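Undergrad: Pasted the sequence and its predicted model underneath.
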Amino acid sequence: MRGEIRMRLFEAILEANHRAIAGDSTASLRQSEFADSLPIAALTCIDVRLNPLIPEVLGIAEEHFIWLRNAGNIITGPLSSTMRSLALACAVKCAKEIVILGHTDCQVCKTTTMQLIERLKDVGVERQVLPDNVNEYFGLFASERQNVIKACDLVRHSPLIGPKIPVHGLFVDIQTGKLEWLVNGYHTFATVSDKWNEVVRSAGETVDKLKSLTDFNIGEMKFPETKIGETVTKAEDWLAQNIERLEVKPTQSENAPTTPGSPPAAFNIAHQIVDLAQKHWPKPSAQSQRPTAPVSPPKIPLPPPIRVKPQFPPRPKR
Ligand SMILES: [Zn+2]
């Protein structure tokens, strides 16, 4: 039951992980206690060393574990492809919490822009076909931890991810399997709610700000067909600039009376912009048809054979 003093899912995952690292061979996640927090969606790097490691360190059974991967566990923007997959993981596959899980010794972090350009050339990709800013384009990063923190921030503020979903940032030592908590999604969740309450309290100016968003008529926005890429960029910029201001509403305000110009309306506008941006997204042989949402949810890789089986030993007294 909510309200009881008990660990939340990721608190229990970290606790079990740290006990196991300290030598407790009985340490495991008692998954049955966290049914209402499962499944989770996890974004990790593509590094193959993580294949056996991640399910083991999280200790979550395969049917409760939606695993998304890309090189460097990078989120490039609030509407990026990975963000859409995370959104679908939550909306379609009912993920209750999100974790961005970075790791030590990440090759994406270790690769410099010049090295990448050389290696791409080695596999037949010439410099001239690449965009000017290769570094930014591939999302290369200098700090593995900062990369996770940045990704969490983007997910937390994405209009595609609801305010009800905690977004955590973890970091795993690829040698030892020890987890480190970089972003506590439960804390951020509280902060977001607090922020919202502040906004509500300082009504005057804020309501005006939000009202200007409500009055904003998407139908009157002109998207020049000749500048399709720019349109998308502008829509993303617009969202990026306004997301902070829109912020999310805490769960409990769902049934509260809403005033004109309240965030739900603003969010609708944000969604309309996303739709519009997608409609104008450049596509090969585009018929300017509105794209249908991706139908297949992220695939869950089969767990490796050495994955730890969730066990249910008697709960130790604390
Ligand atoms: Zn990596």
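TA: Thanks, I have it.

Undergrad: need the helices for this structure, in chain order.
TA: 9-21, 50-58, 81-91, 107-110, 113-122, 134-138, 144-156, 185-201, 203-215, 228-246, 263-279 (DSSP state H).

Undergrad: Comparing these, which yields the minimum mean pLDDT?
TA: Mean pLDDT is lowest for helix 203-215 among these, at a mean of 47.

Undergrad: Flag every residue of the stretch 101-250 of the chain that's near the ion.
TA: Cys106 (Cβ under 5 Å from the ion). C-beta coordinates here come from the backbone N, C-alpha and C atoms, glycine included.

Undergrad: give me phi/psi at the one residue in the stretch 51-200 of the chain that gets nearest to the ion?
TA: The ion sits closest to Cys106 of the stretch 51-200 of the chain, with a gap of 3.2 Å, by Cβ to the ion. Main-chain torsions, Cys106, degrees, to the nearest 10: phi -80, psi 130.

Undergrad: so what's it closest to, chain neighbours aside?
TA: In this structure, Cys106 finds its nearest non-sequential neighbour in Glu144, 5.1 Å apart by Cβ to Cβ, 6 or more residues apart in numbering.

Undergrad: picking that back up, settle this for me: the residue of the stretch 51-200 of the chain closest to the ion is touching Thr44, isn't it.
TA: No. Between Cys106 and Thr44 no contact is recorded; they are 10.3 Å apart, counting by Cβ atoms under 8 Å.

Undergrad: ok, back up a step: next, count neighbours for the residue nearest to Cys106.
TA: Using other Cβ atoms under 10 Å, Glu144 has 20 neighbouring residues.

Undergrad: The one 5 residues further on now?
TA: If you count neighbours by other Cβ under 10 Å, Ile149 ends up with 16.

Undergrad: same thing with Glu136?
TA: Glu136 sits with 11 neighbouring residues when counted by other Cβ under 10 Å.

Undergrad: ok, now the one 5 residues further on?
TA: Residues lying near Phe141 (other Cβ under 10 Å) number 21.

Undergrad: residues in contact with stretch 108-118?
TA: 45, 71-72, 74, 119, 127, 130, 134-135, 138-144, 147 (Cβ atoms under 8 Å, 6 or more residues apart in numbering).

Undergrad: Could you give me the buried positions within that stretch?
TA: Within stretch 108-118, the residues that count as buried by 16 or more other Cβ atoms under 10 Å are 108-109, 111, 116-117.

Undergrad: Likewise for stretch 128-140?
TA: Of the residues in stretch 128-140, those with enough neighbours to count as buried (16+ other Cβ under 10 Å) are 135, 138-140.
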